[in-house]
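Trainee: Predicted coordinates and the sequence they were generated for:
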Amino acid sequence: MAHKKKTPSATRKSTKKSTKKSTKKSTGKSTRLGRPRIPGTAELDMFFKRDFEARQIFQFLDVEKVKELEQFSPQEITDRMITPLIQAVERIRKTLALANRHLDGDVKFAKRFQSELSGGK
């Protein structure tokens with residue numbers, strides 16, 4: 001009977017060891033997410049059909065497929081989206097300053113811009 005008791009505990013120990021070994025192997029591939037659930041050729045408009053804002057970003061980036069979108073980093077997408085907005089706001093601020101107008105809380109910019117145009121007086 002003593003022999004039978006050692007067999008289950010020996011089995012448990014070997015199970016624990018094999019679990020640790022498999023864990024170590026899987027940590028080496030931490031960059032992999034597993035098998036993709038959608039193909040790289042999938043159309044973004046179909047995959048994001050209920051997300052209007054996301055589809056606008058895809059249109060702005062001029063991408064149609066998942067593989068094309070994957071070429072961008074999150075920061076690159078943000079930078080590409082924000083840069084035209086910043087430039088447009090700057091144009092608005094300057095145009096308003098030329099007309100002696102300003103956005104809320106933007107009087108200092110308008111005065112500085114006007115003084116730069118008049119020769120820095």
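Mentor: Structure received.
Trainee: contacts and neighbour counts: CA atoms only from here.
Mentor: OK.
Trainee: Next secondary structure after the lowest-mean-pLDDT helix or strand in the chain?
Mentor: Ranked by mean pLDDT, DSSP states H and E, the weakest helix or strand in the chain is helix 2-27, scoring a mean of 50. Following helix 2-27 in sequence order, the next helix or strand is helix 44-47 (DSSP states H and E).
Trainee: what sits up against that next one?
Mentor: 55, 58, 64-66 (Cα atoms under 8 Å, 6 or more residues apart in numbering).
Trainee: Can you pick out the ones from the residues you listed that are in helices?
Mentor: If you go by DSSP state H, the contacts of helix 44-47 have 55, 58, 66 in helices.
Trainee: what ranges of this protein fall below the confidence cut-off?
Mentor: Filtered on pLDDT under 70, the chain yields the residue ranges 1-31, 120-121.
Trainee: One more pass at 90, please.
Mentor: 1-39, 118-121 (pLDDT under 90).
Trainee: Centre-most residue in it?
Mentor: Pro74 (2.8 Å; Cα atoms, centre = their mean).
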